[in-house]
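Novice: Fold the following, please.
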Amino acid sequence: MQVPLSDALPFLAKGAYIAIVLSLLSIFLGFAIGIVVAIAETYGGKVARYIAMGYENILRGIPLIAIYFILFFSLPLLLHIGMSAFLTAVIGLGIRSSAYQSQIFRSSIQSVDKGQIEAALSLGMSRGETILHIVLPQALRFSIAPWLNEYAVVLKDTSIALVLGIVELTEKATQLVQVTKDPFLWYGIAAVFYLVIVLTVVTIANRISEKYRIKGLGGMIRV
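Specialist: Numbers count the residues shown, from 1 in each chain. As a prediction, this is how the structure comes out:
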């Protein structure tokens, strides 16, 4: 059975839209958690550092599909709470990404000149004020390019959400393959969708990185 491109492309575009929404929600959840973990690991006490390091290592060591199954099947049995497949995908992708984002932010925080921190403290600023007003504004600018690169990774990982029954881009392509028996065409078109989105993100990353580059610190980081 043949499916006209005029019908298939909007069908795939809906899947791409779901993938983009899922990836955006996940990356910002990961941002909120990751930056807290990075601060705890860099400036926290001994206990906070161990907890942050453990969080990173555990989530980076568990496959994303296993995180999905734990959230979707195990937690409802243990806590008697249920989550939709979409919410499960957002949380799973978000917390897994936060473990990688925390490394990005930690590296960026450590790139801030310690002399600036010492100067701020000597002027009477508290440690919290120094982190908030001196360290983070610079660290976030350092992390723009690698953070947007992480978004590209999260976007591609949305394809794994099909195990939860979420009909995103890859699953849409699979449905077309089942109807037409033409995997090369439909998975190829799906790959083009992903490529266009990722290249758009890369272009944005490089432009933002150039715009917000801190002068005097060498060339910008390109994705």
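Novice: Let me see the ranges of the strands in this protein.
Specialist: Ranges of strands in the chain, per DSSP state E: none exist.
Novice: show me the biggest helix of it in terms of residues.
Specialist: For the chain, the longest helix by residue count, based on DSSP state H, is helix 5-43.
Novice: List the buried residues in that one.
Specialist: 8, 12, 15-16, 18-20, 22-23, 25-27, 29-31, 33-43 (16 or more other C-beta atoms under 10 Å). Where C-beta positions appear, they are placed from N, C-alpha and C, glycine not excepted.
Novice: Next: stretch 122-131.
Specialist: Buried residues in stretch 122-131, counted by 16+ other C-beta under 10 Å: 125, 130, 131.
Novice: what does that stretch contact?
Specialist: 39, 43, 117, 120, 121, 133, 134 (C-beta atoms under 8 Å, 6 or more residues apart in numbering).
Novice: Also stretch 148-167?
Specialist: 15, 18-20, 22-23, 26-27, 30, 64-65, 68-69, 72, 85-86, 88-89, 93, 96-97, 100-101, 104, 168-171, 174-175, 194, 197-198, 201-202, 204-205, 208, 223.
Novice: Roughly how far does residue 1 sit from residue 186?
Specialist: 13 Å (C-beta to C-beta, to the nearest Å).
Novice: Between these two, tell me which one has more neighbours.
Specialist: Neighbours per residue, other C-beta atoms under 10 Å: of residue 1 and residue 186, the larger number sits with residue 186, 22 against 7.
Novice: Check the more buried one and give its pLDDT.
Specialist: What the model reports for residue 186 is a pLDDT of 92.
Novice: Then residue 67?
Specialist: 95.
Novice: what does residue 6 give?
Specialist: Looking at residue 6, the pLDDT reads 83.
Novice: how many other residues sit next to the closest residue to residue 32 other than its chain neighbours?
Specialist: Excluding the flanking residues, the one nearest residue 32 by C-beta to C-beta, 6 or more residues apart in numbering is residue 98, at 7.8 Å. Using other C-beta under 10 Å, residue 98 has 26 neighbouring residues.
Novice: Ramachandran angles for residue 3?
Specialist: phi -120, psi 120 (degrees, to the nearest 10).
Novice: buried stuff in the helix or strand of the chain with the lowest mean pLDDT?
Specialist: Ranked by mean pLDDT, DSSP states H and E, the weakest helix or strand in the chain is helix 75-79, scoring a mean of 82. Buried positions in helix 75-79, judged by neighbour count with 16+ other C-beta under 10 Å: residue 75.
Novice: swap in stretch 59-68?
Specialist: 59, 64, 67, 68.
Novice: Tabulate these in a markdown table, adding columns for distance to residue 150.
Specialist: Below are the buried residues of stretch 59-68 laid out as a markdown table (distance: C-beta to C-beta, whole Å):
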| residue | distance to residue 150 |
| --- | --- |
| 59 | 14 |
| 64 | 14 |
| 67 | 16 |
| 68 | 19 |
